[in-house]
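Novice: Got a sequence here, can you model it:
(one chain, ligands or ions: 1)
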Amino acid sequence: MGSQARVLLSSVFGPYAQDDEYGSRTINPMELFHNQVTRMQGPFSLRIFNRSWGLMLIQKNIEVPCTLLDFPTLERFIEEIRTHQYDIVGISSIMVNVLKVKKMCELVRRYLPHALIVIGGHISNLPNLADMIDADHIVKGEGVRWFRHFLGEDVDRSIQHPQVYTNIGTRTMGIRVRLKPEDDMATLIPSVGCPQGCNFCSTSAMFGGKGKFVNFYETGDELFDIMCQLESSMKVRSFFVMDENFLLHRRRALRLLELMESHDKAWSLHIFSSAEVLSSYTIEQLVSMGLSLVWMGLEGEGSQYTKLHGVDTFTLVRELRSHGIRVLGSTIIGLENHTPRNIDQIIEYAVRHNSDFHQFMLYMPLPGTPLYNEISSKGLLKHESELSLPDQHGQFKFNYFHPHIKGDLEEALLLRAFDRDYEMNGPSIVRMIRTGLSGWKRYKNCPDKRIRRRIACESRDLAKRGTAVVAAAKAYCAENPILHATISSLLEDLCNEFGSKARRAADLAGPLVLEQIMEETHQLQQGVTYEPPTFYEKSNTGREIQL
Ligand code: SF4
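Specialist: Just a heads-up that it's a prediction; the model follows:
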């Protein structure tokens, strides 16, 4: 295509959190946490949008002029292709949005008849996608290399890292959290894929499956350099590490730690890790590396995944939290051995972890995964007439015939898991405050100044805002004796630790927060949903216009 090509990259159009003819679903909003983690926490649910960083990475790494349209409306997408000339239109999507992609391809053919259409992302694993949409190229796997090759550019050029603020439109308890850059997080993308290759894992499968991954930055030195650049240009000190199993690349992680120590970097890291890999590090290493949150698969009692072998996940979660490391545990509902009879025991097992957050997802064979091949070869996949593609997002129904869970019972089981976790462990924000307080108490006098600085920074809101939130949550949860007791004891601990300023915050700000919580409860009952803003960015200018 050459250096003259003009490229438009786009995510699929919104709105997302509504039921419509293009496959949007109210229960499948563009909010990762609210969609899969804090779904049943009502006003306490964490509402955040995350950018389409895969598209941002491609845009940053091709030399031709490139426009990025993230979260457009249908009208905004039409306006862009009607009023501008593009030679290539790239659309990234997950599988459930296939009807939107179909519509967007039709529109590109109408308004830009000479443009080539390139489709990427998880949707590209759909076996019959080429018959469902009118596209020129369906790209599986990593897109930077593909685009560079397609455009005749040097595919081996080093990877430039885009500036991606992790949290867009953060809100919880009816309060819009306006983050200063230094309180925000930069998304860091060291690698994609995971060599562990669990049978259901679509992100692992997407980048080659078992034994495979793509490193954008091979060494700790390269990664450190990128983090320094992001720190200085974005004014951040926290990083959300978008790597399926960051600590698995041990040499890189330990070298990063060494450099953080020698350059006195008090960064906070939020990572994904499998339990076995996490356990192979000492707690001192994890704390020193700035681990602030870890997203970890717990999967389910007795599951056979090697990543859990030899790990007592209860002890692990407890230990991490006692060192101020928040844990987001992830449990699968509907493994082969789950039945309506044993599901309560499965849920209790998950809930007993008392992690700061708990994600529950249905066990779903997604195209491209070994599980999909297995279920498909047994003839157990549901036909689209039995479950439409837009409904196959893992929070509703199985896309196959489960051996034991039948009669569309699965959604109720999933909701039961979320409810039980909330009923026993309370709002995640309160749990995070508990973990934060443990970290503060343990490290506030740590002889290592760097660790002390990070913990002080992460704990700076505990005394006032944190205490006000806990006081409000205590009042809100007054009718649940278990939660009321747990939250009361946390409030007492906060007041003991921070004294009169915490007591004042509880007395004065607590009722105000409660008011916001009640208002948000009311709004949610009225069916209010949230949508991300549209982003429009031209390549190489670093400019961003929010529409
Ligand atoms: S360890 Fe996690 S990221 Fe890696 S393959 Fe398994 S589920 Fe996927």
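Novice: and stretch 193-206, anywhere near the ligand?
Specialist: Yes: residues of stretch 193-206 contacting the ligand under CB under 6 Å from any ligand atom: 194, 196-198, 201, 203-204. In short, each C-beta sits where N, CA and C put it, glycine included.
Novice: Select from those every entry located in helices.
Specialist: 203-204 (DSSP state H).
Novice: so can I have a markdown table of the residues of stretch 193-206 next to the ligand showing pLDDT?
Specialist: As requested, these are exported to a markdown table (pLDDT from 0 to 100):
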| residue | pLDDT |
| --- | --- |
| Cys194 | 94 |
| Gln196 | 91 |
| Gly197 | 93 |
| Cys198 | 92 |
| Cys201 | 95 |
| Thr203 | 93 |
| Ser204 | 95 |
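Novice: Quick one, which of the residues of stretch 193-206 next to the ligand are buried?
Specialist: Buried subset of the residues of stretch 193-206 next to the ligand (neighbour count, 16 or more other CB atoms under 10 Å): 194, 196-198, 201, 203-204.
Novice: Find the residue closest to Asn215 in space, skipping its chain neighbours.
Specialist: Ser191 (4.7 Å; CB to CB, 6 or more residues apart in numbering).
Novice: Now that neighbour, what are its backbone angles?
Specialist: Main-chain dihedrals, Ser191, degrees, to the nearest 10: phi -150, psi 160.
Novice: what sits against it?
Specialist: By CB atoms under 8 Å, 6 or more residues apart in numbering, the residues touching Ser191 are 213-217, 243-244, 246, 249.
Novice: now do Tyr400
Specialist: Counted by CB under 8 Å, 6+ apart, Tyr400 has contacts 364-365, 375, 380-382.
Novice: Which ones among these map onto helices?
Specialist: Counting by DSSP H, the contacts of Tyr400 place Ile375 in helices.
Novice: sorry, back to before: turn the residues of stretch 193-206 next to the ligand into JSON lines, including distance to Asp408.
Specialist: Below are the residues of stretch 193-206 next to the ligand laid out as JSON lines (distance: CB to CB, whole Å):
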{"residue": "Cys194", "distance to Asp408": "31"}
{"residue": "Gln196", "distance to Asp408": "32"}
{"residue": "Gly197", "distance to Asp408": "31"}
{"residue": "Cys198", "distance to Asp408": "26"}
{"residue": "Cys201", "distance to Asp408": "25"}
{"residue": "Thr203", "distance to Asp408": "27"}
{"residue": "Ser204", "distance to Asp408": "29"}
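Novice: Which of the residues of stretch 193-206 next to the ligand sits closest to His114?
Specialist: For the residues of stretch 193-206 next to the ligand, the residue nearest His114 by CB to CB is Thr203; the value is 34.3 Å.
Novice: Show me which of the buried ones among the residues of stretch 193-206 next to the ligand is closest to Thr369.
Specialist: Cys201 (6.5 Å).
Novice: Is it possible to get JSON lines of the contacts of Tyr400 that adds pLDDT, neighbour count and distance to Asn167?
Specialist: Shown next, in JSON lines, are the contacts of Tyr400 (pLDDT from 0 to 100; neighbours: other CB atoms under 10 Å; distance: CB to CB, whole Å):
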{"residue": "Met364", "pLDDT": "95", "neighbour count": "23", "distance to Asn167": "27"}
{"residue": "Pro365", "pLDDT": "97", "neighbour count": "22", "distance to Asn167": "32"}
{"residue": "Ile375", "pLDDT": "97", "neighbour count": "22", "distance to Asn167": "36"}
{"residue": "Leu380", "pLDDT": "97", "neighbour count": "15", "distance to Asn167": "39"}
{"residue": "Leu381", "pLDDT": "97", "neighbour count": "18", "distance to Asn167": "37"}
{"residue": "Lys382", "pLDDT": "96", "neighbour count": "15", "distance to Asn167": "36"}
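Novice: Can you list the buried residues in the longest helix along the chain?
Specialist: Identified as the longest helix of the chain according to DSSP H is helix 481-498. Within helix 481-498, the residues scored as buried using 16+ other CB under 10 Å are 483-484, 486-487, 490-491, 493-495, 497-498.
Novice: Which members of these additionally contact the ligand?
Specialist: Among the buried residues of helix 481-498, no residue sits close to the ligand (CB under 6 Å from any ligand atom).
Novice: what sits against Ser279?
Specialist: 310-311, 316.
Novice: Quick check: buried residues in the one helix or strand Glu222 maps to?
Specialist: For Glu222, the element it lies in under DSSP states H and E is helix 220-234. Judged by neighbour count (16+ other CB under 10 Å), helix 220-234 contains these buried residues: 220, 222-224, 226-227, 230-231, 234.
Novice: part of a strand, is Ile48?
Specialist: Yes: according to DSSP: H, G, I helix; E, B strand; the rest coil, Ile48 belongs to a strand.
Novice: about what we covered before: now the contacts of Ser191: which count as buried?
Specialist: 213, 215-217, 243-244, 246, 249.
Novice: contacting residues around Gly90?
Specialist: Here Gly90 is in contact with 7-10, 55, 58, 117-120, 143, 147 (criterion: CB under 8 Å, 6+ apart).
Novice: Go again with 7 Å.
Specialist: In this structure, Gly90 makes contact with 7, 9, 118, 120, judged by CB atoms under 7 Å, 6 or more residues apart in numbering.
Novice: Over to Asn354?
Specialist: By CB under 7 Å, 6+ apart, the contact set of Asn354 is Asn425.
Novice: Ile189 too?
Specialist: Ile189 neighbours (CB under 7 Å, 6+ apart): 53, 57, 161, 216, 242.
Novice: how long is stretch 357-367 end to end?
Specialist: Taking CA to CA, to the nearest Å, stretch 357-367 runs 28 Å from one end to the other.
Novice: re earlier: tabulate the contacts of Ser191 (TSV), appending secondary structure.
Specialist: Output for these, formatted as TSV (three-state DSSP):
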residue	secondary structure
Phe213	coil
Val214	strand
Asn215	strand
Phe216	coil
Tyr217	coil
Asp243	coil
Glu244	coil
Phe246	helix
His249	coil
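Novice: now, which of the residues you listed sits nearest the ligand?
Specialist: Closest to the ligand out of these is Glu244 (3.7 Å), distances taken as CB to the nearest ligand atom.
Novice: Which residue is the nearest non-sequential neighbour of the closest one?
Specialist: Spatial nearest neighbour of Glu244, chain neighbours left out: Cys194 (3.7 Å); criterion: CB to CB, 6+ apart.
Novice: Return the residues in contact with the one you found.
Specialist: Residues in contact with Cys194, defined by CB under 7 Å, 6+ apart, are 201, 203-204, 213, 244-245.
Novice: still on that earlier bit, redo the contacts of Ser191 as TSV? Include pLDDT and distance to the ligand.
Specialist: Converted to TSV, these look like this (pLDDT from 0 to 100; distance: CB to the nearest ligand atom, whole Å):
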residue	pLDDT	distance to the ligand
Phe213	95	9
Val214	96	14
Asn215	96	15
Phe216	97	17
Tyr217	97	18
Asp243	96	9
Glu244	93	4
Phe246	96	10
His249	96	12
